[in-house]
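J.: Output the structure for:
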Amino acid sequence: MSASTRILVGLALGLIGGIAYSILDSDATSSLPAIIEPLGTLWVNAIRMTVIPLLMALMITAIAGQGTTGVAAQLGGKTIALFVAMICASSLYTLMVAPPLLALLNIDPEASRSLLESSSTENINASELPPFRDWLVALVPNNPIRAAADNAVLSLMIFTGLFSMALLKIEEAHRNSLVSFFAAIKEAMFVLIAWIMILAPIGIFALVFPLAATLGVSAISVLGSFILIAAGLITLMTLFLYPLAALVAGIPMRKLARALAPAQIIGFSTRSSLAALPASFVATEALGISSKVSGVVLPIAVTLFKFASPIGRTAGTYFIASLYGIDLAVYEMFTIAAAIGLFSFYSPGIPSGGLLIMAPVYISLGLPVQGIGILIAIDLIVDMFITAANVSANVTAAAILSRHEH
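T.: Sure thing, here's the model as predicted:
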């Protein structure tokens with residue numbers, strides 16, 4: 001049985017087992033989700049402990065190991081340009097498709113009021129966002145070791161990139177010794193990741209079972225309909241990546257699907273592109289993408305690129321406007337899509353950070369900021385699809401940027 005199949009089996013067993021548990025609701029097994037949940041957390045922590053050393057090792061070997069800053073600078077520039085183009089495409093897609101679909105929802109005002117009362121809307125305001133000035137200043141870490149300990153990945157990658165380019169200016173013997181050191185770290189991390197991935201079916205099961213047991217099969221009419229619409233929009237845009245990779249990068253769609261499946265499932269169940277990063281690197285290797293490309297593109301992608309975030313967040317904003325009976329003009333819908341697409345590059349590393357970045361948009365357009373609380377209540381499911389799509393886009397971007405190799 002292949003690794004992808006084993007992971008799918010773990011996912012299916014977790015979903016089926018959790019739903020069955022929620023239906024039985026037996027007192028004898030009331031503590032079962034609480035017993036299983038730590039196993040999933042342990043597995044995710046095992047993955048995350050490899051991320052920081054792997055990121056640094058890959059970027060240093062990809063840049064300093066090439067012997068010239070020109071390659072790294074050119075690839076980095078193309079990477080950012082591609083990310084901006086793909087974010088623009090996802091934002092425009094949502095602007096065109098989401099409003100007509102959401103207009104089909106039959107929203108009862110009484111249901112809106114009850115949803116508001118049951119949602120956690122306290123302290124949802126713009127002050128929860130880190131000020132842009134602080135975010136900008138923090139991009140250059142005053143202590144890179146602390147940045148690594150605090151999981152400040154973007155600032156750590158900026159330091160690592162600068163450090164890698166500085167290595168190109170020192171004596172070749174000294175540079176080669178450091179590059180060899182980080183190359184050994186990279187190889188060791190891949191061995192460790194292979195061991196962790198053997199336990200992937202158990203980890204996925206332990207993550208999904210408590211979630212399915214909590215949600216059960218209860219249908220929440222309007223919210224359930226929005227979740228279906230948002231998940232459908234994200235899934236459709238994710239499927240678009242397959243022919244894009246085939247046409248631009250020359251990678252067969254079936255081959256891409258097989259390589260992506262483990263990373264997608266890990267991203268879906270953990271809701272973390274960082275947690276799926278090791279599997280993303282494995283996917284690029286399976287696709288024949290050189291470490292010279294993936295070592296630069298993927299670290300930038302997990303820190304800056306959130307391909308599907310504009311889809312879920314923009315559709316969510318349109319939904320909140322409908323929920324409160326607010327008619328948005330065309331220019332307002334365009335402003336929302338453009339602003340959220342832009343803000344997706346600035347997403348705080350806090351719970352529901354991708355949602356909280358929308359607070360300034362709500363305030364500027366007169367939308368009820370309390371509506372973000374409703375989106376937070378249902379973010380768990382939507383964010384799973386967003387993360388799986390982001391992981392897919394990261395690997396697809398690496399494939400496109402390595403198209404000369406295929």
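J.: quick one: which helix or strand includes Val44?
T.: Using DSSP states H and E, Val44 maps to helix 32-63.
J.: For that helix, name the packing helices and strands.
T.: Contacts defined by 3 or more Cβ pairs under 8 Å, 6 or more residues apart in numbering; DSSP states H and E place helix 32-63 against helix 3-24, helix 69-102, helix 153-167, helix 172-198, helix 200-215, helix 253-270, helix 277-286, helix 291-304. The C-beta positions use only the backbone N, C-alpha and C, and glycine is treated the same way.
J.: Which of those helices sits closest to Ile326?
T.: helix 69-102 (12.2 Å; Cβ to Cβ).
J.: how about that closest one: buried residues?
T.: By neighbour count with 16 or more other Cβ atoms under 10 Å, helix 69-102 contains the buried residues 72, 75, 79, 82-83, 86-87, 89-91, 93-95, 97-99, 101-102.
J.: Check stretch 275-290 too.
T.: Ala275, Ala276, Leu277, Pro278, Ala279, Ser280, Phe281, Val282, Ala283, Thr284, Leu287, Ile289.
J.: Out of the residues you listed, the closest to Phe209 would be?
T.: Nearest to Phe209 among those: Ala275, at 17.6 Å, using Cβ to Cβ.
J.: Below-threshold pLDDT in the stretch 101-250 of the chain: ranges please.
T.: For the stretch 101-250 of the chain, the stretches flagged by pLDDT under 70 are 107-132, 135, 214-223.
J.: go again using 80 as the cut-off
T.: Where the stretch 101-250 of the chain drops to pLDDT under 80, the residues are 106-136, 138-139, 151-154, 211-224.
J.: Where does Ile251 sit: helix, strand or coil?
T.: Assigned by DSSP: H, G, I helix; E, B strand; the rest coil, the conformation of Ile251 is coil.
J.: so it touches Ala245, yeah?
T.: Yes. Counting by Cβ atoms under 8 Å, Ala245 is a contact partner of Ile251 at 4.8 Å.
J.: In terms of neighbours, single out the busier of those two.
T.: Ala245 (27 against 24; other Cβ atoms under 10 Å).
J.: Confirm for me that that one is in contact with Ala399.
T.: Yes. Contact status for Ala245 versus Ala399: in contact at 5.0 Å, counting by Cβ under 8 Å.
J.: which residues are in contact with both of those two?
T.: Ile251, Leu256 (Cβ atoms under 8 Å, 6 or more residues apart in numbering).
J.: Show me what counts as buried in stretch 189-200.
T.: Residues of stretch 189-200 classed as buried: Met189, Phe190, Leu192, Ile193, Ile196, Met197, Leu199, Ala200 (neighbour count, 16+ other Cβ under 10 Å).
J.: who are the neighbours in contact with the third one?
T.: Leu192 sits next to Thr50 when contact means Cβ under 8 Å, 6+ apart.
J.: Could you rerun that using 10 Å?
T.: Neighbouring residues of Leu192 by Cβ atoms under 10 Å, 6 or more residues apart in numbering: Ala46, Ile47, Met49, Thr50, Pro53, Leu54, Pro278.
J.: Repeat that for the first one.
T.: By Cβ under 10 Å, 6+ apart, the residues touching Met189 are Met49, Thr50, Val51, Ile52, Pro53, Leu54, Leu55, Met56, Ala57, Leu58, Pro278, Phe281.
J.: at 7 Å instead, please
T.: Thr50, Pro53, Leu54, Ala57 (Cβ atoms under 7 Å, 6 or more residues apart in numbering).
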